[in-house]
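>>> Take a look and give me a structure for this.
(2 chains)
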Amino acid sequence: MDEPICIIGSDTVAEQLSQRLLAEDFRVILAPPNTHRTPGQMGERFEYIPNAEILACHGTVGKFTIALRVQGKTVLKRTSCIMIADNYAVRPNFAHYGLSPDDRVIPASALSVKINSCTSGKNVFSESQRVAFLNGVSVDSHPFVLEEIMRHCLALQTKYECQTYVLTRNLKVADSGLEALYYQTKKAGTVFIKLTDTTPKICQSDEEQVEIMYTDESVRQQFLLKPDLTVVDESFLPAKSLASLARLFRLEKNASGFLQADNVHRNGVLTNRKGILAVGPARAILSAAEQSSDVTLAVASALHLRNQTLPAVAQKIEINSTKCIRCLTCYRMCPYCAIELNAKPVINPSACEGCGICSVECPMDAIDVEPFAPIDTSAIDNVNSHTLSNEFVPRLVAFCCSRSAAEAYRQATDMALVMPENLTLIELPCAGALSLDNIYCTFSKGIDAVAIYTCHPDNCHSEVGNLLAHCKAGRAVEIFGKIGFEPQRILVESISANMGTRFAQSINDFTDKIITLGPSRLSGQKTESS
Amino acid sequence: MTEENNIVDLQKVNHQRYKVSTFEQNACSACCLCASSCPVAGIDDFDPRKLVRMFALGMQNDLVESRWPWICTMCGKCEHVCPMQVDIPNMVWHIRSLRARDKVPGILHKGVATALQKGNNLGIPKEDYIFILEDVAEEIAAEPGFKNFKVPIDKKGARILATIHNKLVNTHTDDLKHWWKIFHAAGESWTVPSDDWEGCSWGFFTGDNEAIKTMSGRIVSLIDRLQIKNFLWCE
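The predicted model follows:
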């Protein structure tokens, strides 16, 4: 990994990242979306490219190529790893309260500035005896925002003799030391007003003071507050650049637009793409301490990538270039963007996670994913479907995702839960590695029923593997319906690794239904009626 | 402080309560366990949580004027269940103490005033009191097995001194007999005082610290004077 690490970010996190990576002997390119603060002397391993527009990105981990437009010229940069850390867009919530900014109504960040300006001994609050904070009334707030507000209240109460009020729906004290700070702030005299079922009525007229009429839900009376200064909360939103960066780098987003999906497999600063990290403000609303932790994680990831000598995936994955017709299906399907387009597509073993989706989707069967290819169904060949007493014991095959269902099955066996006698488990690297052919072949061998278990929606490591499996199952059900083969012989369900009990229950219930249905016509066994 | 339409203008509320807070009202998390346990919650649309909140806001005047702090039975369930250890009964007691004495409800303060002046809540003169004690003692002595019964009054060096609830020498004199007979049968060394015998210090109900101090002081003097080893306070 000789190429430099490219940081697309601004402000504190980007600076911390740069410094820590340089300290670990990495070369660093810092490309902020603007010219926020020109960094000081950072040494010759540091390159600073401000005001760059990112145009495209090709390649995979260890060997990305980024095209940037700088001052009208297109520049190509090779980079081993990309770290995105653009800072939040901060939006004051005046509109939520029907307020407009003036000298009596200010956003929270403006109050910070005002308080900091007091350090020279000057008290700018002598006119503002009553200060009201609207925090988390219209939209939920965040612990680090509340912490700042409480510290301001403490200062206002103790140093500047103001009377402070905090109106909120949910007090976010779920962080280290905040409960104690809350108590301390109350003891200093701050009045906290908790709104659950009621909404305050806020009036801002030109001549009068701002008036806040609210119901105190413990006293069950209406209170009228006329603050001299009203402080409005701010929402922390993803940087404007993140939407286009997500498109360019083919990154998943969460519902709020941050660059990390709400997926159990996206831990720490990882995204769906190896070698591309979402750090601090690029991935969620985080406190300063949490953003610092992210920097540590990112540096650790970089070190790990550098020290890795083996490819990530043990199995050998190759595209047979003779069979390949360069349809680009594998390139488009790969959830990890691990396929590089040269004359023919080539899989980068460092970025490949071995999910097998490319192999299944390739129309020319040009991709082998050992040891999973072909899906080993030989275990099915020797199973008998009737006992000595001639009772029907269904032959079942369960295709199980290795990350979820296979683990659930192992948990069920560890717990000694009773499961069907004639169950054959076929473990897949990802449910997306299941093909329609696998389903048809299984039934043509005389199996009575097929169960397919995938990860839960939004929680597939390969993004869409579970959806693909559900689609295939749906397609098979549709076809079976048309050709007159019982579609009820297929079950598709999502499950997670810790659901051993549910796995056993599900497969047992399915077996009971198949017993009622009787043996498959393709099994060569007689049904009870014939 | 409270205007028409029951809107409270915060300009007129002084939140300086933190300077006198000793009841941990700032620890209140509004969980409502107190109100759930309170036997008189809901009366006058009041409950312990509302009281704590008004106290914390600095609305003491409203609390002192309202009836509810006197409806509180001082059962202590609120304090027992409070996860934040807010001392609600003492808060109620403090609110009671803030009321002018002539506004204390019912006969409570009249009893306190009488006790301070005359030694007992009902103002029973000493002669009458002694007469009643000896009368009851005679009745006991007439019962089989209690022939030698005598009520010890002001016995110096007794092992136990007991004070007496005023109703026991007024309307419920028969109730004296139960514990007197037990002491006698057990061969106990006991006594009752001839003065300062009142066992019911109503200052505890009216939030009157000074009255409590005075009445307790009288009993302490008794104990010193009679050289009593153990004090049995029945109230």
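
>>> Please spell out which residues along the longest helix seen in chain B are buried.
When chain B is scanned for its longest helix (criterion: DSSP state H), the result is helix B:209-226. Using 16 or more other C-beta atoms under 10 Å in any protein chain shown as the test for burial, helix B:209-226 gives B:Ala211, B:Ile212, B:Met215, B:Arg218, B:Ile219, B:Leu222, B:Leu226. No exception for glycine: its C-beta is placed from N, CA and C like everyone else's.

>>> Stretch A:245-255 now?
In terms of neighbour count (16+ other C-beta under 10 Å), stretch A:245-255 has its buried residues at A:Leu245, A:Ala246, A:Leu248, A:Phe249, A:Arg250, A:Leu251, A:Glu252, A:Lys253, A:Asn254.

>>> The helix or strand where B:Arg49 lies near chain A at all?
In this assignment (DSSP states H and E), B:Arg49 forms part of helix B:48-57. Yes - counting by C-beta under 8 Å from any C-beta of the partner chain, chain A is contacted by helix B:48-57 at B:Arg49, B:Lys50, B:Val52, B:Arg53, B:Met54, B:Ala56, B:Leu57.

>>> Are whichever helix or strand comes after that helix and chain A in contact anywhere?
Scanning the chain past helix B:48-57 towards its C-terminal end, the next helix or strand to appear is helix B:60-65 (assignment: DSSP H and E). No - Helix B:60-65 lies out of reach of chain A by C-beta under 8 Å from any C-beta, never closer than 9.2 Å.

>>> and after helix B:60-65, which helix or strand comes next?
Next along the chain from helix B:60-65, counting by DSSP H and E, comes helix B:68-71.

>>> contact partners of that following helix?
For helix B:68-71, the external contacting residues (C-beta atoms under 8 Å, 6 or more residues apart in numbering or on different chains) are B:Val40, B:Ile43, B:Asp44, B:Phe46, B:Leu51, B:Leu63, B:Val92, B:Ile95, B:Arg96, B:Pro105.

>>> can you do 7 Å?
Contacts of helix B:68-71 from elsewhere in the structure, counted by C-beta atoms under 7 Å, 6 or more residues apart in numbering or on different chains, are B:Val40, B:Ile43, B:Asp44, B:Phe46, B:Leu63, B:Val92, B:Ile95, B:Arg96, B:Pro105.

>>> Put the alpha carbons of it into CSV.
Only the C-alpha atoms of helix B:68-71 are listed here, as CSV (Å, rounded to 0.1, in the frame of the first residue of the first chain):
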residue,chain,number,x,y,z
TRP,B,68,-53.3,20.2,50.4
PRO,B,69,-50.1,20.3,52.6
TRP,B,70,-52.5,20.0,55.6
ILE,B,71,-54.4,17.1,53.9
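
>>> and the helix or strand that that helix is followed by with chain A, contact?
Using DSSP H and E, the helix or strand that directly follows helix B:68-71 along the chain is helix B:77-81. No - using C-beta under 7 Å from any C-beta of the partner chain, helix B:77-81 stays clear of chain A, with a minimum separation of 13.9 Å.

>>> what's the burial count for A:Ala278?
32 (other C-beta atoms under 10 Å in any protein chain shown).

>>> and residue 74, what is it in contact with?
The chain I'm using is chain A. Contact partners of A:Thr74, counting by C-beta under 7 Å, 6+ apart, are A:Leu55, A:Ala67.

>>> The chain in question should be chain B.
Contacts here follow C-beta under 7 Å, 6+ apart; on that basis B:Met74 touches B:Pro89, B:Val92.

>>> That's all I had, so thanks and see you.
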